[in-house]
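Peer 1: Output the structure for:
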Amino acid sequence: MAHGPATLADGWVKYASRWLFTTNHKDIGTLYLWFSFAMFILGGSFAMIIRAELFQPGMQLIKPEFFNQMTTMHGLVMVFGAIMPAFVGLANWLIPMMIGAPDMALPRMNNLSFWILPFAFAILVATLFMEGGGPNFGWTFYAPLSTTYAPDTVNYFIFGVHIMGASSIMGSINIIATVMNMRAPGMTYMKMPMFVWTWLITAFLLVAVMPVLAGAVTMMLMDINFGTSFFDAAGGGDPVLFQHIFWFFGHPEVYIIILPAFGVVSQIIPTFSRKPLFGYSSMVYATASIAFMSFIVWAHHMFTVGMPIAGELYFMYATMLIAVPTGVKVFNWITTMYKGSLTFETPMLFSIAFVILFTFGGFTGLMLSIAAADIQYHDTYFVVAHFHYVMVAGAVFSGTAAVYYWLPKWCGKMYDETMGKVQFWIAFIGFNITFMPQHFLGLAGMPRRYADYGLQFADWNMVSSIGAFMYGAAQILFLFNVVRTITHGKPVDKPEVWEGAEGLEWTVPTPAPYHTFEKPPQVK
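Peer 2: Now for the predicted structure:
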């Protein structure tokens with residue numbers, strides 16, 4: 001029978017309505033993951049513009065105003081558009097399967113929480129094409145720069161942030177409701193996989209702090225349009241108040257980004273070590289204590305505002321204290337690998353890189369926690385290097401590991417292992433060439449968010465830019481590997497037999513080549 005235009009149109013309508021109205025947690029997880037990757041490429045392209053401009057001193061490619069818009073949009077798109085939705089996508093896919101639930105607790109709200117996101121970021125990115133240009137005040141949007149001196153498009157930015165926050169809150173409520181009400185019989189809290197635990201705690205953090213961000217941008221909206229003076233000193237307000245509100249949201253936010261990453265590597269390392277996770281209950285308590293402490297350290301971002309010495313000392317010691325539960329987690333991952341039968345498949349390589357680089361980022365964070373030293377480091381490239389070691393080597397490396405680890409389970413096909421390893425090494429080397437020199441630049445005094453710089457910073461900036469383009473190329477290879485797996489990958493419907501360490505053979509259960517849970521595969 002011939003396919004007429006009507007039949008073709010019906011097919012398209014059916015296809016579109018399947019994705020638009022889906023309430024299936026796997027479909028919604030897939031939507032989140034593809035959307036986050038699109039945002040990752042977009043945010044990465046903004047970073048490429050930044051690094052291309054900083055390749056040499058002087059102004060080569062763009063105007064300083066556009067450079068400021070790029071730094072702002074890069075941060076906003078990466079944090080709120082790429083990393084957070086990627087982990088929500090993983091949560092949607094994996095949590096119901098890990099706790100034995102048929103779906104998420106609130107499937108229609110799940111659909112809504114995704115579909116408002118593309119509109120939020122369309123509004124945000126559209127500001128770049130409007131008169132006056134996009135937001136140019138940095139991703140932390142400090143007042144009065146974002147209120148008194150901002151372009152007219154700041155109202156669109158505020159609206160976009162509100163929508164994005166609503167999406168996060170809906171997703172979090174859904175995860176909390178699912179984990180608390182839909183666990184299979186016998187699945188007690190202390191038997192849940194670590195990924196479920198980290199996301200449950202993250203969801204509570206999100207519900208607690210997203211309204212704080214909403215409050216901050218609402219006060220901005222009032223200051224800009226309705227004559228209030230929350231952050232305007234001339235009207236009796238205080239610009240430092242904005243920083244307190246923003247960082248009371250912003251510091252738990254960085255843990256919202258990293259906790260699901262901890263969950264991912266806590267699943268992957270035991271699998272390829274052929275051992276259960278060492279110290280499971282201490283991992284749960286460490287995660288909870290990190291979440292609690294994330295609320296009481298916010299002003300370590302503000303050591304230069306002139307707070308009382310007692311305040312500086314408190315925030316310094318509290319920040320140092322948060323390194324303890326983080327250290328517990330790193331110790332447990334290393335001990336899990338100790339004397340295990342390790343194999344180094346792509347997800348394991350990314351996870352080991354995560355542990356090494358995240359720990360390095362933690363050490364530079366400890367340096368920044370020292371109030372007297374931070375006054376020197378503040379707003380230099382040292383800070384940029386520190387948080388990229390935590391955010392990129394932390395969140396992005398673990399997200400990549402998660403995709404390689406669970407992709408065969410999602411699509412029933414195996415990715416190209418060699419291509420995965422090549423991508424890992426290009427990403428790992430490119431990442432370190434990009435961000436290691438930025439520590440030196442920062443310690444030498446190069447300030448962040450400047451489109452131009454002195455000649456003494458030229459060499460390391462050139463090295464950093466070369467590394468950035470290497471790292472960017474690795475992401476294109478990653479995309480190619482994922483698409484090729486879905487379209488032409490080798491099916492994994494039969495149990496695969498691996499040659500393990502010391503010649504042992506491991507039989508891995510169907511349908512995926514990697515087991516999702518904590519038990520190691522059985523030796524033949």
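Peer 1: Give the ranges of residues in this protein that sit below the confidence cut-off.
Peer 2: Along the chain, the model assigns pLDDT under 70 to residues 1-5, 494-524.
Peer 1: centroid residue for the chain?
Peer 2: Using C-alpha atoms, centre = their mean, the residue of the chain that lies closest to the mean C-alpha position is I83, 3.0 Å off.
Peer 1: what's the burial count for T364?
Peer 2: 19 (other C-beta atoms under 10 Å). C-beta here means a position set from N, CA and C on the backbone, and glycine is covered the same way.
Peer 1: on that earlier part again, ok, now which ones touch the residue nearest to the centre of the chain?
Peer 2: 36, 257, 391, 395-396, 399 (C-beta atoms under 8 Å, 6 or more residues apart in numbering).
Peer 1: give me that answer again for 10 Å
Peer 2: When contacts are counted by C-beta atoms under 10 Å, 6 or more residues apart in numbering, I83 is found next to 36, 39-40, 43, 77, 256-258, 260-261, 391-392, 394-396, 399.
Peer 1: quick one: it and L90, what's the gap?
Peer 2: Here the criterion is C-beta to C-beta, to the nearest Å. By it, I83 lies 11 Å from L90.
Peer 1: Need the residues touching each of those two.
Peer 2: 36, 260-261, 399.
Peer 1: out of those residues, which is most surrounded?
Peer 2: Within those, A261 tops the neighbour count with 29 neighbours, counted by other C-beta under 10 Å.
Peer 1: show me the contacts for that one.
Peer 2: A261 sits next to 83, 86-87, 90, 195, 198, 351, 354, 358, 390-391, 393-399, 401-402 when contact means C-beta under 10 Å, 6+ apart.
Peer 1: What about those, which are in helices?
Peer 2: Judged by DSSP state H, the contacts of A261 include 86-87, 90, 195, 198, 351, 354, 358, 390, 397-399, 401-402 as members of helices.
Peer 1: What is the end-to-end distance of stretch 336-347?
Peer 2: When the termini of stretch 336-347 are compared using C-alpha to C-alpha, to the nearest Å, they are 16 Å apart.
Peer 1: try stretch 101-114
Peer 2: For stretch 101-114, the separation between the terminal residues is 20 Å (C-alpha to C-alpha).
Peer 1: quick one: buried residues of that stretch?
Peer 2: Of the residues in stretch 101-114, those scored as buried under the neighbour-count criterion (16 or more other C-beta atoms under 10 Å) are 101, 103-107, 110-111, 113-114.
Peer 1: tally of neighbours for A373?
Peer 2: A373 has 14 neighbouring residues, counting by other C-beta under 10 Å.
Peer 1: Could you give the secondary structure assignment for the residue nearest to it when sequence neighbours are not counted?
Peer 2: Beyond its immediate neighbours in the sequence, the residue positioned closest to A373 (C-beta to C-beta, 6 or more residues apart in numbering) is M367, lying 6.2 Å away. Under DSSP: H, G, I helix; E, B strand; the rest coil, M367 falls in the helix class.
Peer 1: Test my guess that M367 contacts T380.
Peer 2: No: with contact defined as C-beta atoms under 10 Å, M367 does not count as touching T380 (11.9 Å).
Peer 1: What about the contacts of I83, which one has the most neighbours?
Peer 2: Neighbour max across these (other C-beta under 10 Å) = A261, 29 neighbours.
Peer 1: That residue: which element?
Peer 2: According to DSSP states H and E, A261 maps onto helix 239-273.
Peer 1: Check the offset of that helix from the chain's centre.
Peer 2: On the basis of C-alpha atoms, centre = their mean, to the nearest Å, helix 239-273 sits 8 Å off its chain's mean C-alpha point.
Peer 1: And for stretch 310-321?
Peer 2: 26 Å.
Peer 1: just to revisit the earlier point, for M367 and T380, indicate the residue with more neighbours.
Peer 2: Neighbours around M367 and T380, counted as other C-beta under 10 Å, are more numerous at T380. The numbers are 19 against 14.
Peer 1: For that one, which non-adjacent residue is closest in space?
Peer 2: G442 (3.8 Å).
Peer 1: now N432
Peer 2: Once flanking residues are discounted, N432 sits nearest to G467: 7.1 Å by C-beta to C-beta, 6+ apart.
Peer 1: how far away is the one you found from M190?
Peer 2: Using C-beta to C-beta, one gets 43 Å for the distance from G467 to M190.
Peer 1: go on, L106?
Peer 2: Using C-beta to C-beta, we find L106 at a distance of 25 Å from M190.
Peer 1: before we move on, back to that, out of G467 and M190, which sits in the more crowded spot?
Peer 2: When G467 is set against M190 and neighbours are counted by other C-beta under 10 Å, the residue ahead is G467, at 21 against 9.
Peer 1: who are the neighbours in contact with that one?
Peer 2: Residues near G467 by C-beta under 10 Å, 6+ apart: 51, 429-438.
Peer 1: And for A291?
Peer 2: Contacts of A291 by C-beta under 10 Å, 6+ apart are 198, 201-202, 204-205, 208, 252, 255-256, 259, 325.
Peer 1: where's it, which helix or strand?
Peer 2: With elements delineated by DSSP H and E, A291 resides in helix 280-293, which encompasses its position.
Peer 1: Follow the chain on from that helix and name the next helix or strand.
Peer 2: helix 309-321.
Peer 1: what angle sits between the next helix or strand after that following helix and helix 239-273?
Peer 2: Past helix 309-321, heading to the C-terminal end, the next element that is a helix or strand (DSSP H and E) is helix 323-337. Using axes from the mean of the first three to the mean of the last three C-alpha atoms, to 10 degrees, the direction of helix 323-337 lies 10 degrees away from that of helix 239-273.
Peer 1: Name the residues of helix 323-337 that are buried.
Peer 2: Neighbour-count burial for helix 323-337, with 16+ other C-beta under 10 Å as criterion, is recorded at 323, 325-326, 328-330, 332-333, 336-337.
Peer 1: and if you look at stretch 198-207?
Peer 2: Of the residues in stretch 198-207, those buried by neighbour count under the rule 16+ other C-beta under 10 Å are 198-207.
Peer 1: Of those residues, which is the nearest to Y317?
Peer 2: Using C-beta to C-beta, L205 comes nearest to Y317 of the buried residues of stretch 198-207, at 22.1 Å.
Peer 1: where's that closest one relative to R449, distance?
Peer 2: According to C-beta to C-beta, L205 and R449 sit 28 Å apart.
Peer 1: doesn't M419 fall inside a strand?
Peer 2: No: counting by three-state DSSP, M419 is not part of a strand but helix.
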